[in-house]
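**Q** With the sequence up front, the predicted model follows.
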Amino acid sequence: MDSSPEPVRLLAGRRVLRFAGGPGAVVDRGPADSAAVPLLLLHGFGGDALAWQFNIQALVKGAPGAAGRRVLAVDLPGHGASTLDVPSGLGGVADWVVRLMDAAGVAQADIIGHSMGGRVSLLLAERHPDRVRRMSLIACAGLGSRVDATFLRALCELETLDQARALIDRLFAGAPPNRDVLARAFLSRLADPGARAPLLRLLDRLVADIAAAAPRFDWTQPLPPLQLIWGEADDIVPPPDFGSIPAHIILHRLPGVGHMPQAQAATQVNTLLTEFHA
């Protein structure tokens, strides 16, 4: 795993916002008075703000010569320190994110979404287009490729350290150097029955949302400027073929990288993000 960026100590740094449908927890870094549009980071299923630990500092710093930027990494409903009351569908999750933006004083943001968080990002842009300037979608669910729901359900049924190691190996398309640290963190978080129930409810809604979507994503709909980032070795949400993506959409396919490019290839992904969101 490319771990050269300095990780952010997140667990003690969450800010809990109170609003209708909340609470909503975020890691809120960088200057709140920056002239740059804030960045909002949305993690994938079973994750939390910790999924961005190798990215936040680089995104706050931005491109060379740039002023500091506000970055908010969100715990989505059913995850981390946010509400365990999961909305009735992923569209409801997108609406929840907008209420969190209001509570955080964010009128418009650049959105970076991973996996399920990518699908939520697309729905947010569809339902609230004035709130999104541009987007980066990493291993995005709902763009026409399959989603391994069996793997996601296994996250919700985690019971042993060996099971956690096997899931980590799938996420990273091979064992990362800090495999046991990640596996123990997964086990401690996802084996908690209190955390498991809302995830199972959300999983049913995610699977239904993907099943209801067209087999091929409708690229003719209005979208903000966006780029796609995918690991070529991702077999949880496999990358789309180049031919299925319109020529005006940027698609970066990273060789040898699995479902977690923002951690496994953090330096490369940070460069792609800071350049696109300058």
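**A** Structure's in. What do you need?
**Q** before we move on, what SS does the residue nearest to residue 78 when sequence neighbours are not counted have?
**A** Leaving out its chain neighbours, the residue that sits closest to residue 78 by Cβ to Cβ, 6 or more residues apart in numbering is residue 198, at 3.6 Å. Heads up, the C-betas are built off the backbone N, CA and C, glycines and all. Following DSSP: H, G, I helix; E, B strand; the rest coil, residue 198 is assigned to helix.
**Q** what's near enough to touch residue 198?
**A** Contacts of residue 198 were listed using Cβ atoms under 8 Å, 6 or more residues apart in numbering, and they are 77-78, 84-86.
**Q** Tell me which stretches of this structure form helices.
**A** Listed in chain order, the helices of the chain (DSSP state H) span 56-61, 90-104, 116-127, 149-156, 161-171, 179-190, 193-212, 261-264, 266-276.
**Q** right, and the ones you listed - which one's nearest residue 22?
**A** Residue 22 sits nearest to helix 90-104 of all the helices of the chain, at 7.1 Å, using Cβ to Cβ.
**Q** Is it possible to get JSON lines of the helices of the chain that adds distance to residue 240 and mean pLDDT?
**A** Output for the helices of the chain, formatted as JSON lines (distance: least, Cβ to Cβ, whole Å; pLDDT from 0 to 100):
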{"stretch": "helix 56-61", "distance to residue 240": "25", "mean pLDDT": "94"}
{"stretch": "helix 90-104", "distance to residue 240": "19", "mean pLDDT": "97"}
{"stretch": "helix 116-127", "distance to residue 240": "12", "mean pLDDT": "95"}
{"stretch": "helix 149-156", "distance to residue 240": "18", "mean pLDDT": "90"}
{"stretch": "helix 161-171", "distance to residue 240": "19", "mean pLDDT": "94"}
{"stretch": "helix 179-190", "distance to residue 240": "27", "mean pLDDT": "88"}
{"stretch": "helix 193-212", "distance to residue 240": "14", "mean pLDDT": "84"}
{"stretch": "helix 261-264", "distance to residue 240": "15", "mean pLDDT": "96"}
{"stretch": "helix 266-276", "distance to residue 240": "17", "mean pLDDT": "96"}
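**Q** Can you say which of those is packed in most?
**A** helix 261-264 (a mean of 26; mean count of other Cβ atoms under 10 Å).
**Q** Just the C-alphas of that helix, formatted as CSV.
**A** Taking only C-alpha atoms (Å, rounded to 0.1, in the frame of the first residue of the first chain), the coordinates of helix 261-264 have been written out as CSV:
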residue,chain,number,x,y,z
PRO,A,261,-7.3,3.4,-4.6
GLN,A,262,-7.4,6.3,-2.1
ALA,A,263,-5.4,4.1,0.4
GLN,A,264,-3.5,1.7,-1.8
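**Q** Just the residues contacting that helix, thanks.
**A** Outside helix 261-264, the residues within contact range by Cβ under 8 Å, 6+ apart are 1-3, 51-55, 114, 138-139, 172-173, 176, 229-231, 254, 257-258, 268-269.
**Q** Now restrict those residues to buried residues only.
**A** Buried members of those, scored by 16 or more other Cβ atoms under 10 Å, are 1-2, 51-55, 114, 138-139, 172-173, 176, 229-231, 254, 257-258, 268-269.
**Q** Could you list which of those belong to strands?
**A** 114, 138, 229-231, 254 (DSSP state E).
**Q** Make CSV out of those and add distance to residue 263 and pLDDT.
**A** As requested, those are exported to CSV (distance: Cβ to Cβ, whole Å; pLDDT from 0 to 100):
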residue, distance to residue 263, pLDDT
114, 10, 98
138, 10, 98
229, 12, 97
230, 14, 96
231, 10, 96
254, 12, 97
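**Q** And the residue lying farthest from the centre of the chain, how close does it get to residue 33?
**A** Relative to the C-alpha centroid of the chain, counting by Cα atoms, centre = their mean, residue 65 is the outermost residue, at 26.9 Å. Residue 65 sits 19 Å away from residue 33, going by Cβ to Cβ, to the nearest Å.
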